[in-house]
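using only what follows, build the 3D model:
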Amino acid sequence: YPQRSLKAKSCVEGRERLYAYCQEHGVPHARLGKLIVATSEEEIPGVEKIDASARVNGVDNLEWLSASEAQRMEPELHCVAALLSPSTGIIDSHALMLAYQGEAEAAGAFVAFRTPVFGGHVRGDGFELSVGGDEPTAIRCRYLVNAAGLYAPAVARSIEGVPRESIPPAYFCRGVYFTLSGKTPFRRLIYPVPVPGGLGVHITLDLAGQARFGPDVEWIETVDYSVDPRRGDKFYDAVRRYWPGLRDGALQPGYAGIRPKISGPDEPAADFVVQGPAAHGIPGLVNLYGIESPGLTSSLPLADEILRQLGS
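Okay, the predicted model is just below:
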């Protein structure tokens, strides 16, 4: 992530805090490590740039590996050099969400699922929202945190009194994953040099040892989570650059996600935006825009930043 960006700062801080949180709350996780690989001499400068940015951002445990050193770790891997990140890990994200929910409810929160926000307006003493669900109603609140992901700009636009010039445009960038049928030969996460719009088609593992590949980058106009099996052809080409042994027919369509971008396909990637009263002039309102990867890793520091901007 860009040097000294909120993405970088919150990711570095969030990594160790999240490991500690998972340990304390029994959230399944594993510190596997990650290899960022150069598959040709031309890609080495890209890995060097990642290394330099990481060190500026406070990551000081990265280790350069030669091709033979990397292949001793992962015999099926093809590369000319690699950067080892030993502190990278995986997490049961659903269990983490349940832990967060449980803590919120224990503190007195009420979580209303399937309750869409239709709109609202700014009041002198806070906000009034019109919400749907089984029992459509109006909710009044003193503080409002808009963390609606893909729909955060739309939610902000639906609230009368929020300055339109403070709301960034929304771009939808779909990423598809394919899963590996059969056992993976890798014990670590394998990442290629990043591509514009994403981190490249990489290998990630779940806690059961199942491997998946992705995500790719596809800019779309409307929200669509379908997976076109024909996209698998490009996945084979991308993965075989660092895993030549991938056999035909081994990849199966998995699932798709959509990155909540606030910068377009021909623009530099935008940083996280945690937008408080200093930016839009409305006391008690914080909007979160563009919280894509590494949003989950960054979640605890981002929560602290929200509290700071609310003056708590």
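
what's residue 51 in contact with, if anything?
The contact partners of residue 51, taken as C-beta atoms under 8 Å, 6 or more residues apart in numbering, are 62, 64, 83. For the C-beta atoms, the positions are set from N, CA and C on the backbone; glycine is no exception.

let me know the secondary structure of the last one.
Assigned with DSSP: H, G, I helix; E, B strand; the rest coil, residue 83 falls in the strand class.

got a list of what residue 279 touches?
Applying C-beta under 8 Å, 6+ apart to residue 279 gives the contacts residue 166.

I'd like the next helix or strand past whichever helix or strand it is part of.
Per DSSP states H and E, residue 279 falls inside helix 277-280. Next helix or strand after helix 277-280 toward the C-terminus (DSSP H and E): strand 285-289.

strand partners (parallel or antiparallel) of that next one?
Strand pairing for strand 285-289, using DSSP bridges, gives strand 144-146 (parallel), strand 273-275 (antiparallel).

and the angle from the next helix or strand after that strand to strand 285-289?
Where DSSP H and E defines the elements, the next helix or strand beyond strand 285-289 is helix 299-309. Relative orientation of helix 299-309 versus strand 285-289 (axes from the mean of the first three to the mean of the last three C-alpha atoms, to 10 degrees): 150 degrees.

residue 14 touches residue 304, doesn't it?
No. At 9.9 Å, residue 14 does not count as touching residue 304 under the criterion of C-beta atoms under 8 Å.

okay, the two: which has more neighbours?
Neighbours per residue, other C-beta atoms under 10 Å: of residue 14 and residue 304, the larger number sits with residue 14, 22 against 14.

sec struct for the more buried one, please.
Three-state assignment for residue 14 (three-state DSSP): helix.

can you offset everything so residue one is 522?
Happy to do that; since the first residue is 522 now, the last one works out to residue 535.

contacts only, for it.
By C-beta under 8 Å, 6+ apart, residue 535 lies in contact with 815, 818-823.

redo that, cut-off 10 Å
Residue 535 makes contact with 542, 815-825 under the criterion C-beta atoms under 10 Å, 6 or more residues apart in numbering.

can you check residue 670 too?
Counting by C-beta under 10 Å, 6+ apart, residue 670 touches 676, 779-781, 809-813, 816.

also residue 647?
Counting by C-beta under 10 Å, 6+ apart, residue 647 touches 661-665, 803-806.

partners of it in the sheet?
Beta-bridge partners of residue 647, counted by DSSP bridges, are residue 644.

that one and residue 604, how far apart?
Distance from residue 647 to residue 604, counting by C-beta to C-beta, to the nearest Å: 48 Å.

please apply the same query to residue 584.
According to C-beta to C-beta, residue 584 and residue 604 sit 7 Å apart.

who has more neighbours out of the two?
Using other C-beta under 10 Å, the more surrounded residue of residue 584 and residue 604 is residue 604, with 21 against 12.

spit out the contact partners of the more buried one.
Residues near residue 604 by C-beta under 10 Å, 6+ apart: 555-559, 565, 568-569, 571-572, 575, 583-586, 591, 712.

which pLDDT does the model give it?
pLDDT recorded at residue 604 is 98.

what number of residues lie near the closest residue to it other than its chain neighbours?
Nearest residue to residue 604 in three dimensions, chain neighbours excluded: residue 557, at 4.4 Å (C-beta to C-beta, 6 or more residues apart in numbering). Residue 557 has 28 neighbouring residues, counting by other C-beta under 10 Å.

and residue 557, bridged to which residues?
Bridge pairing for residue 557 - DSSP bridges - gives residue 604, residue 712.

from residue 778, how far off is it?
Distance of residue 557 to residue 778, given as C-beta to C-beta: 21 Å.

ditto for residue 586
With distances taken as C-beta to C-beta, residue 586 is found 30 Å from residue 778.
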